[in-house]
Each structure stands twice: as structure tokens, then as C-alpha cells.
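Asks: Sharing a sequence plus its predicted fold:
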Amino acid sequence: MDMTIVDLSRLQFAATAMYHFLFVPLTLGLSFLMAIMESVYVMTGRDIWRRMTLFWGTLFGINFAMGVATGIVMEFQFGMNWSYYSHYVGDVFGAPLAIEGLMAFFLEATFIGLFFFGWGRMSALAHLIVTWLTALGANLSALWILVANGWMQHPTGSTFNPDTMRMEVTDFMAVIFNPVAQAKFVHTVSAGYVTGAMFVMAISAWFLLRGRHIPLAKRSMAVAASFGLASALSVVVLGDESGYVATEQQKMKIAAMEAMWHTEPAPAPLTVFAIPGDGENRFEVQIPFLLGLITTRSLTQELPGIFDLVERAGERIANGIVAYKALQDIRADRTNTEARATLEKTWPDLGYALLLKQYMDDVENATSEDIAKAALDTIPNVPVLFWSFRLMVGLGFYFIAFFGVFFWIASKHRLGENRTLLWIALFSLPLPWVAIEAGWLVAEYGRQPWAVEGVLPTFYAASGLTLLDLAISLTFFIALYTVLAVIMVFLMLKVIRKGPLMYNPLVEEPAGSSFLPRGVHAGPDR
């Protein structure tokens with residue numbers, strides 16, 4: 001496989017995935033915020049909470065539409081750019097991906113339609129249930145895609161079938177309850193809640209700075225501050241759990257994130273700052289014992305360094321060659337029971353033998369030098385992971401401080417009095433997306449060189465496309481996604497500038513409160 005083709009395929013999928021994930025976290029966060037606001041509206045009957053729900057719900061609807069559009073296009077790349085991946089692991093990966101599509105494009109879309117068109121046509125309680133189900137549907141959609149992604153990080157509940165030359169499910173419940181997937185899910189959705197809260201904070205701050213829609217902005221900011229503080233705290237706690245799980249399943253990723261080239265005595269120190277080099281750090285500042293305590297939750301468990309993990313990879317490559325030879329024997333003679341017994345014991349290392357395919361076709365005759373060369377490929381890009389992880393963590397602690405300050409101000413009923421803090425809130429708008437994209441870079445780039453950890457190398461998963469094919473599709477996808485992002489920003493700015501007074505947005509709102517759910521009467525706007 002031409003590595004230029006592989007790199008362009010990776011670039012295309014990375015670009016479309018990271019574009020798509022501009023929309024997903026805001027959908028997760030806004031869905032719960034508007035459900036909270038409508039709950040207050042139904043309990044109090046105050047019309048301002050209805051207008052808040054519809055205003056933020058309109059922005060949610062725009063964002064959801066763009067997320068669906070980018071998500072549908074992105075998924076076609078599995079067949080176009082990664083055809084061998086689709087063949088090799090499609091039996092496992094396809095099921096949660098299909099369920100995710102049903103959740104996003106049927107369940108969630110249905111509830112969103114009822115949310116907008118149900119005002120005045122449903123009882124108060126029924127419409128509130130619809131709004132909460134919209135939020136639940138958004139989160140269930142995220143669950144299934146993260147189950148699929150979590151399996152790529154830790155391929156449990158499946159085995160290799162030499163007769164079909166595919167990975168097949170042996171325990172679907174193990175796939176669903178994969179500890180990596182569950183840790184990723186709670187961490188990712190919490191990050192989405194932070195994004196939604198920051199979005200509401202920033203837009204509300206803009207209203208307060210301009211002296212517009214002050215009652216709505218203050219109430220929105222109070223809800224977002226409390227919701228954001230809880231979410232930011234949970235992101236850090238659940239991120240710690242995600243790191244602990246990764247320590248068990250993806251030791252190389254953890255070592256690269258910490259630029260830990262050599263195994264340190266237990267418990268390992270935490271590197272606060274370093275200048276990672278090629279095999280050594282040129283400068284580093286460390287806190288003794290902290291990394292070992294965080295990642296292993298033990299004073300005695302050793303955390304292996306990069307070079308020790310490379311040696312282990314070499315051992316697995318050698319064992320994988322045994323599996324590869326057995327597989328060839330089975331292909332030559334389907335009744336070879338001895339080869340099948342050998343493959344049964346060694347197939348978990350078969351993927352490591354495939355790392356040699358980048359350098360040779362004759363894997364069975366690889367030398368120790370060939371094995372050592374392939375083992376070095378298991379080291380991801382250490383500087384990128386090191387700094388991306390610290391950017392994500394640093395922003396996580398900033399969010400705790402940010403929402404903590406605004407929560408305290410809201411509890412004192414002093415929102416809007418400090419213009420400096422309002423400007424900080426406004427300019428903090430992009431930061432959750434920066435943190436999330438950095439987190440995905442750590443998760444996905446840190447898995448390299450694997451498409452599926454330990455099972456299928458990335459270069460082996462790619463389609464046999466030409467350079468021209470990829471140049472055309474990459475240009476098209478980036479242009480399309482950029483246009484969609486610009487359209488979303490334009491529509492959102494248009495809605496924000498008009499403010500919350502003209503909604504329900506899908507039909508002309510008459511004077512009065514005809515869009516109240518049945519059984520609710522407008523209370524005073526206070």
C-alpha cells in the first residue's frame with residue numbers, strides 16, 4: 001500500500017470527523033439545557049421560560065440539521081476510503097453504527113419535529129416529555145457511536161474467523177459494555193454538556209453587554225452556570241476514569257501522552273512540562289509519584305515506558321508470525337486441525353504480524369531486524385499527544401474555575417454587573433471546541449498505527465484508491481463541510497441578532513400565548 005494514499009485517506013477522515021464533531025457536542029449540551037428550561041416553564045407557567053426554550057431550541061435545531069448532514073456524508077467513507085476495514089471488522093463495527101443511525105436519524109429527528117410543531121397541539125406534560133426524549137435520543141445516538149469507537153480502542157467480545165477472514169462478534173454484550181466505550185461515553189457527553197453551557201453563557205453575555213433581552217439572558221446564564229459547573233467537574237472526574245481504563249488497555253498511548261520513554265519506578269512521576277525529543281526529553285518538570293497514583297491507583301504497580309512497550313510489541317510480532325503461518329496453512333488445507341489449534345492460541349497477535357506488511361510481503365521470513373523496525377511503528381507521535389493532552393486538561397480546569405465564578409455570582413443575583421467577566425464569557429465561546437478536538441486527537445492519533453487496536457493496522461485497512469481519487473474527494477469534502485459550517489454560523493448569527501421574541505420559528509407566532517402547551521397559562525415575565 002502506498003503510504004501517501006493511506007495518509008491522504010487518514011487526512012480526509014480526520015478532517016470530516018473533526019468538522020462533524022463541531023456540531024455533535026453542542027447538540028448534546030443544548031438538548032438538556034432546553035429540557036431544563038421547559039421544565040421550569042411547565043412548573044411556573046412564566047412565559048419567559050417558554051421563549052427561552054424556543055430560542056435555544058431553534059439554535060439547537062440548526063446545529064442538529066448540520067450535524068446530521070455532515071454525519072451521513074462522513075459514514076460513506078467507511079466503504080469508500082476504508083473498504084478493507086469494512087470487510088474485516090464490519091460484522092462487529094456495523095451493528096452499533098447502524099443502531100446509532102437509527103437513533104440519530106429516526107428517533108431523535110422524530111422528537112425534534114414534535115418539539116417544534118407540538119406547541120399548542122400537545123398537553124404541557126406531553127410536550128415536556130418530548131423535549132426530554134429529544135435530549136435522551138441525542139445522548140443515545142452518542143452512546144452507540146462511542147460503543148463502535150470504543151471497540152476500535154479495545155476490541156473485546158469478538159474473535160477472528162479463519163474461514164471468513166473476518167472479525168466476528170462472539171459476545172455482543174461485551175461489545176456494548178466495553179469498559180473503554182463506557183468511559184469514553186460519559187467523558188464525551190460531559191464535554192458536550194460543557195460546550196452547550198459555554199454556548200449559552202457566551203450568547204447571554206453578548207445580550208447583557210448590548211443591554212438586550214436582559215431577563216432572558218440572566219436566567220439563561222444562571223441555568224448554564226450551574227449546569228456547566230456540574231458538567232466541568234464531571235469531565236475531570238470521568239476523564240480520570242478514562243485514563244485509568246486506557247492504562248489497562250492502551251499502555252502505549254498513556255506512555256506517549258506523558259512522553260515517558262523509559263519505565264519509571266512505581267509510582268511514576270507526572271510530567272507537568274517537557275520538551276519531548278526523539279527518545280529523550282530535552283527538559284522536563286515532574287511531580288513525583290502523581291502519574292502512578294492517577295493511572296494505576298497503586299503505589300506498587302509499574303507503568304511501562306515507550307521503549308519497554310516497543311520490546312513487548314516485538315515479542316507480539318514474533319508470535320503473530322506464528323499465527324500468520326498457521327493461517328496460511330489453513331487456507332491451503334481447511335481440514336488442518338493442527339494449524340487451527342495453533343491459530344486459536346496465537347490469533348490475538350495476528351494483527352502485529354500484519355505490521356510487517358508495510359515493508360514486505362513475505363511475513364513468514366521476517367528477520368529480527370524486520371521485526372524491530374515494525375515494532376518501532378507502534379510509537380505514536382509523542383510531541384503531538386503530549387501537548388494535545390495538556391491543552392485539553394488545562395482547558396478542563398479553566399472551565400471549572402469559569403463556571404464556578406459565574407455560579408457564585410448567580411447565587412448572589414449579580415449577573416451582568418461585571419462587564420469584564422461578560423467579555424471573558426463571550427471570548428471563551430470557542431474554548432470547549434478546542435478542548436474537545438484536542439481530546440479526539442489524543443484518542444484517535446494516540447491509537448496509531450492501529451485502525452483497530454492490536455488487530456488491524458491503519459495502512460492495511462485502506463482502500464486501493466488512486467492519488468487523483470483522493471485529491472478530488474478530499475477537496476470536495478473539505479469544501480462541502482466548510483460551506484455547511486459557514487451556513488450554520490450565518491443562520492445562528494441571524495437568529496441571535498433577532499433575539500427570542502419571534503418564536504415559534506417554524507410558524508408565525510401570533511400575539512399572546514397561543515403556543516403554550518395545553519393546560520399551561522402564561523405567568524408574569526419576572
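Replies: Done, it's in. Just so we're clear, the structure is a prediction, and the values are computed from it rather than from any experiment.
Asks: By residue count, what's the longest helix in this structure?
Replies: Scanning the chain for the longest helix, with DSSP state H as the assignment, gives helix 214-249.
Asks: after that helix comes which helix or strand?
Replies: helix 251-257 (DSSP states H and E).
Asks: quick one: strands adjacent to the following helix or strand past that next one?
Replies: Next along the chain after helix 251-257, taking DSSP H and E as the criterion, comes strand 270-276. Partners of strand 270-276 in the sheet, by DSSP bridges, are strand 281-287 (antiparallel).
Asks: Give me the mean pLDDT for the following helix or strand past the partner strand.
Replies: Counting by DSSP H and E, the next helix or strand C-terminal to strand 281-287 is helix 290-296. Regarding helix 290-296, the rounded mean pLDDT is 82.
Asks: Give the buried residues for the longest helix of the chain.
Replies: The neighbour-count check on helix 214-249 (16 or more other Cβ atoms under 10 Å) flags 216-235, 238-239, 242-247, 249 as buried. For glycine as for every other residue, the C-beta is placed from the backbone atoms N, C-alpha and C.
Asks: Show me what that helix packs onto, helices and strands only.
Replies: Counting contacts by 3 or more Cβ pairs under 8 Å, 6 or more residues apart in numbering; DSSP states H and E, helix 214-249 packs against helix 24-44, helix 47-75, helix 179-210, helix 251-257, helix 290-296, helix 382-411.
Asks: the inter-axis angle of it versus helix 382-411?
Replies: Here helix 214-249 points in a direction 140 degrees away from that of helix 382-411 (axes from the mean of the first three to the mean of the last three Cα atoms, to 10 degrees).
Asks: what angle sits between helix 214-249 and helix 24-44?
Replies: 130 degrees.
Asks: okay, the angle between helix 214-249 and helix 47-75?
Replies: Counting by the same axes, to 10 degrees, helix 214-249 lies at 40 degrees to helix 47-75.
Asks: how distant is helix 214-249 from the center of its chain?
Replies: Chain-centre distance of helix 214-249: 15 Å, with Cα atoms, centre = their mean, to the nearest Å.
Asks: returning to that earlier point: and the helices and strands packed on helix 214-249 as TSV, adding distance to residue 3?
Replies: Output for the helices and strands packed on helix 214-249, formatted as TSV (distance: least, Cβ to Cβ, whole Å):
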stretch	distance to residue 3
helix 24-44	30
helix 47-75	23
helix 179-210	28
helix 251-257	20
helix 290-296	32
helix 382-411	18
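Asks: worst average pLDDT in these?
Replies: helix 290-296 - the lowest mean pLDDT of the helices and strands packed on helix 214-249, at a mean of 82.
Asks: can you pull the buried residues of that helix?
Replies: 291, 292, 293, 294, 295, 296.
Asks: Contact partners for the last one?
Replies: Spelled out, that is residue 296. By Cβ atoms under 8 Å, 6 or more residues apart in numbering, residue 296 lies in contact with 244, 247, 266, 267, 303.
Asks: Stretch 153-171 spans what distance, first to last residue?
Replies: Terminal residues of stretch 153-171 lie 17 Å apart, using Cα to Cα, to the nearest Å.
Asks: Not counting it itself, show me its contacts.
Replies: Applying Cβ under 8 Å, 6+ apart, the contact partners of stretch 153-171 are 87-92, 95, 151, 172-175, 178-181, 184, 246, 249-250, 327, 330-331, 334, 340, 343, 347, 350, 443, 447, 452-455.
Asks: Mean confidence (pLDDT) on it, please.
Replies: 93.
Asks: Same question for stretch 80-96.
Replies: So the average pLDDT for stretch 80-96 ends up being 91.
Asks: What residues sit buried inside it?
Replies: Quick answer for stretch 80-96 (16+ other Cβ under 10 Å): 80-83, 85-86, 88-90, 92-93, 95-96.
Asks: separation between residue 249 and residue 178?
Replies: Counting by Cβ to Cβ, to the nearest Å, the separation of residue 249 from residue 178 is 9 Å.
Asks: same thing with residue 467?
Replies: Using Cβ to Cβ, residue 467 is found at 36 Å from residue 178.
Asks: Then residue 409?
Replies: Note on residue 409: its distance to residue 178, by Cβ to Cβ, is 41 Å.
Asks: The two: which is more packed in?
Replies: For residue 409 and residue 178, the more surrounded residue by other Cβ atoms under 10 Å is residue 178, and the numbers stand at 25 against 18.
Asks: so what's the nearest residue to that one once chain neighbours are set aside up against?
Replies: Closest residue in space to residue 178, ignoring its immediate chain neighbours: residue 150 at 4.8 Å, by Cβ to Cβ, 6 or more residues apart in numbering. Going by Cβ under 8 Å, 6+ apart, residue 150 touches 178, 180, 181, 182, 183, 184, 185.
Asks: would you say residue 150 is within a helix?
Replies: Yes - inclusion of residue 150 in a helix is indicated when DSSP: H, G, I helix; E, B strand; the rest coil is applied.
Asks: What pLDDT does the model give it?
Replies: Looking at residue 150, its pLDDT reads 92.
Asks: and the gap between it and residue 142?
Replies: Taking Cβ to Cβ, one finds residue 150 at 12 Å from residue 142.
Asks: between the two, what contacts are shared?
Replies: In contact with both residue 150 and residue 142: residue 185, using Cβ under 8 Å, 6+ apart.
Asks: how is the chain carved up into domains?
Replies: What automatic domain parsing lists as the domains of the chain is 16-157+177-252+381-449+476-499, 264-296, 306-376.
Asks: out of the helices and strands packed on helix 214-249, nearest to residue 309?
Replies: helix 251-257 (4.9 Å; Cβ to Cβ).
Asks: That closest one packs against which elements?
Replies: Counting contacts by 3+ Cβ pairs under 8 Å, 6+ apart, helix 251-257 packs against helix 214-249, helix 306-332, helix 382-411.
Asks: buried sites along the last one?
Replies: The one in question is helix 382-411. Quick answer for helix 382-411 (16+ other Cβ under 10 Å): 382, 384-393, 395-396, 399-400, 402-403, 405-407, 409-410.
Asks: picking that back up, can you say which of the domains of the chain is packed in most?
Replies: When the domains of the chain are scored by mean count of other Cβ atoms under 10 Å, the highest mean neighbour count falls to domain 16-157+177-252+381-449+476-499 (a mean of 20).
Asks: For the spatially closest residue to residue 300 that is not a sequence neighbour, what are phi and psi?
Replies: Take residue 300 and drop its neighbours on the chain: the residue closest to it by Cβ to Cβ, 6+ apart is residue 266, 5.3 Å away. When quoted as degrees, to the nearest 10, the phi and psi of residue 266 stand at phi -70, psi 140.
Asks: thought residue 266 was touching residue 292?
Replies: Yes - assessed by Cβ atoms under 8 Å, residue 266 is found in contact with residue 292 at 5.5 Å.
Asks: mind putting the domains of the chain in a markdown table, distance to residue 165 included?
Replies: Formatted as a markdown table, the domains of the chain follow (distance: least, Cβ to Cβ, whole Å):
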| stretch | distance to residue 165 |
| --- | --- |
| domain 16-157+177-252+381-449+476-499 | 8 |
| domain 264-296 | 37 |
| domain 306-376 | 8 |
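Asks: For residue 459, find the nearest of those.
Replies: Checking the domains of the chain against residue 459 by Cβ to Cβ gives domain 306-376 as the closest, at 5.6 Å.
Asks: Now do the end-to-end distance for that closest one.
Replies: End residues of domain 306-376 are separated by 10 Å (Cα to Cα).
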